[in-house]
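[1] this one's structure only:
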């Protein structure tokens, strides 16, 4: 969110019009300091010199298991000094004047974020549980609450007591200040709109999660080509168009932009750095969890943002992806090298279980396009979302670009699954289903089956979630319930495909990890070849 403020201020603030001038605060605990994502985020913030960011560390030395001394004894101040932060210490969490002084120092600090270590006592005032794990993970209990109130000089038996004058005090203080600040900003923006109407319109659209007129103009159209285009290359073309048409669209990669093909290369795109906060290319370094969390913060700030890495490394980003779904944020996560296209990189880099595990996250749309034009249509769908995050799983290797004059239009991606090729008359006896790089494989198998007089249908299914939200009528038109012979093909775990192939169908997928070998050898070893699909289809039909 601090990155968002820097970018928004760079684009929209003008002399006399500080439209975006806020600071970002986070209250952190001992557990937060131990989690890896804190180190990733703090390191990135220090590098970027985010002087609009302040972390307040509640240093009470207690976690669920007891004193932090059993597992956490590092010099936290030295650690953050090493990150390039300004480090302050308040020795007493009840010293309001000293807290206010520390915040004042933060406001004056330039060129680096601020870390305030606030020494405190968990369960403060509790005669038997202060500074113990019991105050962390369980209620104090009625008697201890009564004793704690006695220590405070508070009515012991009163519950949820708000004394007279408290509401009035808040109304006269923060309530009045907040209302006045809001009025001043609204008046400022009114004047800003008269002087910078185009920028004001952008802000309006951004805040409403709308898109500019003709936001998808100049989207590429890929001609039929058996050699094809890699999913990541098609994605690169689309990203560079969107980022020029949608001013508040930006993002980056976890040190893999040249391989993910996510670099925005047009004139003026630039890099986001401490001295160039208007750049559109974010460099997250090898910090996948912090990258995904940062993307969420940018999207919370109404910027449309993306983050990218290899699909196998989505595991590092998963907690933030899950939170994006929980918070209903239209964040975009781009994962390339989606299957065995890594070849010699071997099983450590070949995703197997990642696809189904992301499909399992409620509210997350996972899309695995089958050719370059499906990539285009995937972005066209994704950019119009307002409350759902998306994962795009894209190929490293070129995939044949299908002839859309012969096969169905790629716009079917917007339905999650669609009939790509069909038997003459549209009454198939076998349905071949696939996503991603396996779509062209089942198309080849389909042509072989048709040549042998077997009535085959091909269904491209880039997104289970989108398909599940279609009407039952549409679902049945794509997968007729009376056609029981179905073969699904996907270079990933087979888990979940039974819902689409049924008890009489078959799934050609991964039951083990991959291997290190050239792609063609891997496809042969694991059965991802047209002849294997043909053989399975004929076996199920009893025609083998």
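    Cool, the structure landed. Only a predicted model underlies this, so the values are computations on that prediction, with no experimental measurement involved.
[2] And residue 5, which helix or strand is it part of?
    Taking DSSP states H and E as the definition, residue 5 sits inside helix 2-12.
[3] Name the residues of that helix that are buried.
    For helix 2-12, the neighbour count (16 or more other Cβ atoms under 10 Å) marks 2, 3, 4, 5, 6, 7, 8, 9, 11, 12 as buried. Quick note: C-beta positions are derived from backbone N, CA and C, even for glycine.
[4] buried stuff in stretch 345-361?
    Those buried within stretch 345-361 under the rule 16+ other Cβ under 10 Å are 345, 349, 350, 351, 352, 354, 355, 356, 357, 358, 359, 361.
[5] Walking through the stretch 251-400 of the chain, point out its strands one by one.
    281-283, 304-310, 332-336, 365-367, 390-393, 398-401 (DSSP state E, counting those that start in this stretch).
[6] Now find how far off-centre the fourth one is within its chain.
    Mean-position distance between strand 365-367 and its chain equals 11 Å (Cα atoms, centre = their mean, to the nearest Å).
[7] Neighbouring strands - and their directions - for that strand?
    strand 390-393 (parallel) (DSSP bridges).
[8] now what about the strand it pairs with, what contacts it?
    Contacts to strand 390-393, defined as Cβ atoms under 8 Å, 6 or more residues apart in numbering, come from residues 235, 311, 314, 321, 330-335, 338, 351, 355, 358, 364-369, 375, 378-379, 382, 436.
[9] Residue 272 against residue 294, yeah?
    No. Using Cβ atoms under 8 Å as the test, residue 272 is too far from residue 294 to be in contact (10.7 Å).
[10] Verify the contact between residue 383 and residue 239 for me.
    No. Judged on Cβ under 8 Å, residue 383 makes no contact with residue 239 at a distance of 10.7 Å.
[11] between these two, who's got more neighbours?
    Higher neighbour count among residue 383 and residue 239: residue 239, with 24 against 19, using other Cβ atoms under 10 Å.
[12] In the chain, what helix or strand scores lowest on average pLDDT?
    Lowest on mean pLDDT, DSSP states H and E among the helices and strands of the chain sits helix 519-526, with a mean of 86.
[13] by contact count, what packs against the helix or strand following it?
    Using DSSP H and E, the helix or strand that follows helix 519-526 towards the C-terminus is helix 530-541. For helix 530-541, the contact count by 3 or more Cβ pairs under 8 Å, 6 or more residues apart in numbering; DSSP states H and E identifies strand 430-434, helix 438-451, strand 486-493, strand 506-510 as packing neighbours.
[14] related to what we said a few turns ago, for residue 414, which of the strands of the stretch 251-400 of the chain is the nearest?
    Proximity to residue 414, assessed across the strands of the stretch 251-400 of the chain by Cβ to Cβ, is greatest for strand 365-367 (10.4 Å).
[15] Low-confidence stretches in the stretch 301-450 of the chain?
    342-343 (pLDDT under 70).
[16] coming back round to it: can you tell me which of the buried residues of helix 2-12 is closest to residue 134?
    Nearest to residue 134 among those: residue 2, at 35.8 Å, using Cβ to Cβ.
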